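Student: Pasting the sequence and the predicted model now:
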Amino acid sequence: MKRALYALIAVATIGIATLNVSCKKEATDEFEVPSDSILIEMNMPLGAEGTTSFVSHNIASISAVSEPKGWEVTKIDMYRKEITVRSPKSFDDGEVKSGNITLTGYTALGADTSVTIYVAILENEDIDYSNAPANCYIANKPATRFLFNPYRGGGNGEVELNTDHIELIWESTEELINFIDMRDGKASLYLQPIKDDNGEFTDKVVTGNALIGAYDANDKLIWSWHIWVTNSDPTTDTIDLNGKALMNINLGADCNSEGDHERVGDSYGMYYQWGRRTPIVGPNTWNFALNEDKLTYNSDGLIVRLQYTESTADSGTAKWAEDNPTTMIVGNKDNAYDWLYEGHDELWSATEKSEHDPCPAGWRVPDSSIYEGLTISSVDDAMAWQEAQKMYGWHLVDAAGGSFFFTAQGRRNYLDGHLDIVNDDATRPIPWSGYYWTATTTDDGRASAMFFDLNSATRTWNGFEASRAMYRANALPIRCVRE
């Protein structure tokens, strides 16, 4: 059976081949600490204890080989497979707040294998989402542990889960998130701060996206959560459209480029097929070079590539989509090019947050009325196309004179899943169409999206539609609206 893996960082595991005389096969002795860490909450008393689990096979005993000054391994429970450490009782004699502990596991025959775990006293309070369950969690503070409920899935936590363990499915950058663990009824992850050129920690994090899966005791994926890592605060960086607060950042993005060419790639965010809660990656490079997909990585640092499949009676269901979050399901022509094979389940709702809503707690996919009354800025529309093209998006304005920038990042099309752009420059492709899903459906089995386009030959054909009917197998960006 595949071992439960909670950790993001690959932990040292050494296989020791021993001869099994009775069956003439080799057995592998292993010792592993999946969380790779024990983190003590801030404001805990000096000398506080922390515990983590380990995984072992054919290991008879474990001992601590080295400990940071002031730290102590107080208990190794071979039956429960838990390691307990105690933080320093004082800091009067050079004791340290963090460091590495080396542990060695021994087989009955005397062979050994070692692992290293990181121990630390947290300097920031935990950010706990346990009482605000959702399908997406924002992580935007360095040197901080983020907690959520691994037994609840759905837009508002309405799905009860029999979770046995959690595991990283993919992350957009290696070591984007660290120390994934599940203990005491909560899932946790940690963000490391970025170091500057002098090796000093900053108040910034590496940005990107990740997907963490919940697995049952049989190692079957039963749910997944999108972790949105950004240096922005999407819950406070908002704009007011038609009396509603809309995020000024695409779901999964780090910023709004505001027309700044150098920031355009960080403003794309993730792509979503209508009604699916799991994100789909965008282009590997900001300019859509070679139409390559963004690469992602699993906990072992191996590449996880986006897969594509046709919608069939087996694959074209919400359940199959949940079980296969790294696969885009291309449209079924007999069902209005929906990724669903039969019917048009309204997996998103235009009136309330649904079980499959991909937005963080307190936010949801907007209905189409959010974009009514907008139009392309007259300044942008009158701009020479060579200049307008450099913005990679449009300023849209409302009747009150408000101006709001939306990035043009194309879409993944419903036929084959490839990234589509309207204008193909002779030397490089330019993503010059903008699509944003809404939760509003149409009578013909499609759904409404806000759309705009730059025609690089003449601005006469510059276009904007507040609500365009789109096939649901398309994967488009989303701006979340406050509930």
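Tutor: Yep, that arrived.
Student: what residue ranges in the stretch 251-400 of the chain score low on pLDDT?
Tutor: Across the stretch 251-400 of the chain, nothing is flagged by pLDDT under 70.
Student: Could you pull out the helices in it for me?
Tutor: Counting by DSSP state H, counting those that start in this stretch, the stretch 251-400 of the chain has helices at residues 318-323, 378-382, 385-388.
Student: Just give the number of residues close to the residue nearest to Arg482 when sequence neighbours are not counted.
Tutor: Nearest residue to Arg482, sequence neighbours excluded (C-beta to C-beta, 6 or more residues apart in numbering): Ala245, at 4.1 Å. Quick note: C-beta positions are derived from backbone N, CA and C, even for glycine. Using other C-beta atoms under 10 Å, Ala245 has 16 other residues around it.
Student: Please apply the same query to Glu158.
Tutor: So Glu158, with other C-beta under 10 Å, has 12 neighbours.
Student: mind listing what the nearest residue to His226 once chain neighbours are set aside touches?
Tutor: Using C-beta to C-beta, 6+ apart and skipping the chain neighbours, the partner closest in space to His226 is Cys136 (4.3 Å). The contact partners of Cys136, taken as C-beta atoms under 8 Å, 6 or more residues apart in numbering, are 225-228, 251, 358-360.
Student: make it 7 Å
Tutor: Contacts of Cys136 were listed using C-beta atoms under 7 Å, 6 or more residues apart in numbering, and they are 225-226, 228, 358-360.
Student: ditto for Ile59
Tutor: Per C-beta under 7 Å, 6+ apart, neighbours of Ile59: 29, 31, 105-107.
Student: Let's check: the centremost residue of this structure is which one?
Tutor: Ala210 (2.7 Å; C-alpha atoms, centre = their mean).
Student: so what's that residue bridging to?
Tutor: Judged by DSSP bridges, the bridge partners of Ala210 are Glu171, Ile227.
Student: rewinding a little: export the helices of the stretch 251-400 of the chain as TSV, with columns for mean neighbour count.
Tutor: Below are the helices of the stretch 251-400 of the chain laid out as TSV (neighbours: other C-beta atoms under 10 Å):
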stretch	mean neighbour count
helix 318-323	16
helix 378-382	14
helix 385-388	14
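Student: Kindly present those helices as a markdown table, with separate columns for distance to Glu123.
Tutor: Formatted as a markdown table, the helices of the stretch 251-400 of the chain follow (distance: least, C-beta to C-beta, whole Å):
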| stretch | distance to Glu123 |
| --- | --- |
| helix 318-323 | 37 |
| helix 378-382 | 45 |
| helix 385-388 | 46 |
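Student: Which among these is found nearest to Thr438?
Tutor: helix 318-323 (19.4 Å; C-beta to C-beta).
Student: CA atoms only: put that closest one into CSV for me.
Tutor: Listed next in CSV are the C-alpha coordinates belonging to helix 318-323 (Å, rounded to 0.1, in the frame of the first residue of the first chain):
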residue,chain,number,x,y,z
ALA,A,318,-18.6,15.8,-11.7
LYS,A,319,-17.4,12.8,-9.6
TRP,A,320,-14.7,11.9,-12.2
ALA,A,321,-13.7,15.6,-12.4
GLU,A,322,-13.2,15.6,-8.6
ASP,A,323,-11.2,12.4,-8.7
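Student: begin at 297 from here
Tutor: New numbering, starting at 297: the last item is helix 614-619.
Student: Just the pLDDT at Phe497, thanks.
Tutor: For Phe497, the pLDDT comes out at 84.
Student: if I read this right, it contacts Gln488, doesn't it?
Tutor: No - judged on C-beta atoms under 7 Å, Phe497 makes no contact with Gln488 at a distance of 8.4 Å.
Student: neighbour count winner among those two?
Tutor: Using other C-beta under 10 Å, the more surrounded residue of Phe497 and Gln488 is Gln488, with 16 against 12.
Student: Give me the neighbour count for the closest residue to the more buried one other than its chain neighbours.
Tutor: Spatially, and ignoring its direct neighbours in sequence, Gln488 is nearest to Asn474 (5.6 Å; C-beta to C-beta, 6+ apart). Around Asn474 there are 19 other residues, counting by other C-beta under 10 Å.
Student: Quickly list what Arg778 is bridged to.
Tutor: With DSSP bridges as the rule, Arg778 is bridged to Trp659.
Student: Can you verify my assumption that it contacts Ala657?
Tutor: No - counting by C-beta under 7 Å, Arg778 sits too far from Ala657 to count as a contact (10.9 Å).
Student: Between the two, which is the more surrounded one?
Tutor: Ala657 (21 against 14).
Student: measure that one to Gly627 for me?
Tutor: 31 Å (C-beta to C-beta, to the nearest Å).
Student: Check whether Asn546 really touches Cys776, as I assumed.
Tutor: No - using C-beta under 7 Å, Asn546 is not in contact with Cys776, being 9.1 Å away.
Student: coming back round to it: turn the contacts of Cys432 into JSON lines, including neighbour count.
Tutor: Below are the contacts of Cys432 laid out as JSON lines (neighbours: other C-beta under 10 Å):
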{"residue": "Trp521", "neighbour count": "26"}
{"residue": "His522", "neighbour count": "24"}
{"residue": "Trp524", "neighbour count": "26"}
{"residue": "Pro654", "neighbour count": "27"}
{"residue": "Cys655", "neighbour count": "27"}
{"residue": "Pro656", "neighbour count": "22"}
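Student: Show me which residues of stretch 694-702 are buried.
Tutor: Within stretch 694-702, the residues that count as buried by 16 or more other C-beta atoms under 10 Å are 694, 700-702.
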